[in-house]
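# Need coordinates for the below:
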Amino acid sequence: MSAPERDLVAGFLDGLARERVVEFIRDVAQTEELMVEVGQAALTPASITAVANRLGYAFDASDLVDTIEARIASRIDAGELEIRDRMRAARDADGPAGLTPMDADTDATLHDVVHRPGFVLDREAVLSGDVLALRALPSLPPLLAIMDEVIGARFDGVDLERLHEGFDFAAMKARSDAAYDALYGDPRVPDAVGAIIADLGLDRSRTLWEWPGMRLMFPAEHGGRGVYRTANSGALAAHRDTWYGSPRHQINLWGPIRRLDPDATLRIYPRYFRKTVANTSRGYDAWQNRAGIALPPTIRASVSAEGAFAPPLEIGDVMVFAGQQLHASAVNMSGRTRVSFEFRLLCADDEGQSYVPPNVDYAGLGEIYEGWHDADGREWNRLTGERVCV
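Numbers count the residues shown, from 1 in each chain. Sure, this is the predicted structure:
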């Protein structure tokens, strides 16, 4: 065989290997069982490749790395790639920047508060570990009505609590994907979120927000599988949002769109707020996530439920907590499809403040810097300070 022929064959085989890598990552993202299995491995090329090979996907670690790097290079601009390269070199040389391992229990409080005129969210308390069950937030029902309308339209008006009776998981996910695509473009959302920000006593001009997402979860007796936005997501094991690269001054809002059983609320484990928990976030890369091929970090330790917060929530209530809080989904034992919402806030005045929690256990590369919106609903890139779209 001539040299050109060998190069042609090698190129063909490389192309097949890259196709297998993309197929594997797509299948993991779409199949909860695969995601769980991959989550048991370290997020390193060798470990992931070993799992993939065992499952019948034919590629090696170099194929995985080459495919990931090629995809990132094709989707991320040169300036960001330079920043990523610098961060990766620093991490590999000195370990994750700003990592502060700790083993301190947090004396946090659950505040159960009915919203009143003049209410101002105590961001310092929340970012120091307290959790708020905020009742009857007056600006929340309009957002829930928009979400209910958009979701319901994609399911032909079927009762959302009974989706598991009329749709298998594949059909539910396809329609949920379409619902989120419609929700993301809905022009009513920025004003609805802005009203919530104002009701929390925050300055809209100083607050970035994440577009609200919905989570649909079948009851356990129907498989317990779920969708968040457009991704597979069943009952989540204990995790921090910071493991996915969320900024440490992020504040989360979570609550029901449809009725929620008292024991079905999101669980918060506040005693771990400043306690390092073993996890696989070292393999997480914010740029890989933007390229659509990142695998989710997972916990590598057992945690105690002692002191956990799980306040019952009615429709119109919202739980407010820091993105650093260790939290987990409750298994859906209600017999109904669970329908909830969530989104996040970043207040500019909190960034860098002493009350913002230290990075106790996120060892990944970079943070989520796209997907944040201003008061007018325009998307911004926090890394560059530039508007992403009009």
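# now the strands for the stretch 151-300 of the chain?
If DSSP state E, counting those that start in this stretch is used as the criterion, the strands of the stretch 151-300 of the chain fall at 207-210, 213-217, 226-228, 231-232, 250-256, 267-269, 274-275.
# Export the fifth one to PDB, keeping only CA atoms.
Read it as strand 250-256. C-alpha atoms of strand 250-256 as PDB (Å, rounded to 0.1, in the frame of the first residue of the first chain):
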ATOM      1  CA  GLN A 250     -25.100  32.100  42.400                       C
ATOM      2  CA  ILE A 251     -28.500  32.100  44.100                       C
ATOM      3  CA  ASN A 252     -31.000  29.300  43.100                       C
ATOM      4  CA  LEU A 253     -34.800  29.500  43.000                       C
ATOM      5  CA  TRP A 254     -36.800  26.200  42.900                       C
ATOM      6  CA  GLY A 255     -40.500  25.400  43.300                       C
ATOM      7  CA  PRO A 256     -43.500  23.600  42.000                       C
END
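# what lines up beside it in the sheet?
strand 318-322 (antiparallel), strand 338-347 (antiparallel) (DSSP bridges).
# Out of these, which is the most enclosed?
strand 318-322 (a mean of 25; mean count of other C-beta atoms under 10 Å). Any C-beta I mention is one placed from the backbone N, CA and C, and that applies to glycine too.
# could I get the strands paired with strand 250-256 as a markdown table with mean pLDDT and distance to Trp372?
As requested, the strands paired with strand 250-256 are exported to a markdown table (pLDDT from 0 to 100; distance: least, C-beta to C-beta, whole Å):
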| stretch | mean pLDDT | distance to Trp372 |
| --- | --- | --- |
| strand 318-322 | 98 | 17 |
| strand 338-347 | 97 | 6 |
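# Could you export these as JSON lines, including distance to Ala133?
Converted to JSON lines, the strands paired with strand 250-256 look like this (distance: least, C-beta to C-beta, whole Å):
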{"stretch": "strand 318-322", "distance to Ala133": "6"}
{"stretch": "strand 338-347", "distance to Ala133": "14"}
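# mind checking which of the ones you listed is nearest Glu221?
Glu221 lies closest to strand 338-347 among those, at 12.9 Å (C-beta to C-beta).
# just the CA coordinates of that closest one, formatted as PDB?
C-alpha atoms of strand 338-347 as PDB (Å, rounded to 0.1, in the frame of the first residue of the first chain):
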ATOM      1  CA  ARG A 338     -43.800  16.000  39.000                       C
ATOM      2  CA  VAL A 339     -43.600  19.400  37.300                       C
ATOM      3  CA  SER A 340     -41.300  22.000  38.800                       C
ATOM      4  CA  PHE A 341     -39.300  25.100  37.800                       C
ATOM      5  CA  GLU A 342     -35.900  26.400  38.600                       C
ATOM      6  CA  PHE A 343     -33.600  29.300  37.600                       C
ATOM      7  CA  ARG A 344     -30.600  31.100  39.000                       C
ATOM      8  CA  LEU A 345     -29.600  34.700  39.800                       C
ATOM      9  CA  LEU A 346     -26.200  36.500  39.900                       C
ATOM     10  CA  CYS A 347     -26.100  39.800  41.800                       C
END
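# Who are the packing partners of the next helix or strand after that strand?
Downstream of strand 338-347, the next assigned helix or strand under DSSP states H and E is strand 372-373. The helices and strands touching strand 372-373, judged by 3 or more C-beta pairs under 8 Å, 6 or more residues apart in numbering; DSSP states H and E, are strand 207-210, strand 379-381.
# Please identify the most buried of those strands.
Of all these, as judged by average neighbours under mean count of other C-beta under 10 Å, the leader is strand 207-210 with a mean of 22.
# circling back: can you put the helices and strands packed on strand 372-373 in CSV and add distance to Val28?
Formatted as CSV, those follow (distance: least, C-beta to C-beta, whole Å):
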stretch, distance to Val28
strand 207-210, 24
strand 379-381, 27
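# which stretch in the ones you listed is the model least sure about?
Among the helices and strands packed on strand 372-373, strand 379-381 carries the lowest mean pLDDT, at a mean of 90.
# what about the closest residue to Tyr272 other than its chain neighbours, neighbour count?
Distance criterion C-beta to C-beta, 6 or more residues apart in numbering; nearest residue to Tyr272, sequence neighbours excluded, is Leu326 at 4.2 Å. When neighbours are counted by other C-beta atoms under 10 Å, Leu326 registers 24.
# One more: the one 10 residues further on?
Residues within reach of Arg336, counting by other C-beta under 10 Å, total 23.
# Spit out the contact partners of it.
By C-beta atoms under 8 Å, 6 or more residues apart in numbering, the residues touching Arg336 are Glu161, Arg162, Pro219, Arg258, Arg259.
# Give the buried subset of these as a PyMOL selection command.
Here is the PyMOL selection string for the buried members of these, based on 16 or more other C-beta atoms under 10 Å:
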select buried, resi 161+219+258
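# Reformat the contacts of Arg336 as a markdown table; add distance to His373.
Converted to a markdown table, these look like this (distance: C-beta to C-beta, whole Å):
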| residue | distance to His373 |
| --- | --- |
| Glu161 | 30 |
| Arg162 | 33 |
| Pro219 | 33 |
| Arg258 | 25 |
| Arg259 | 29 |
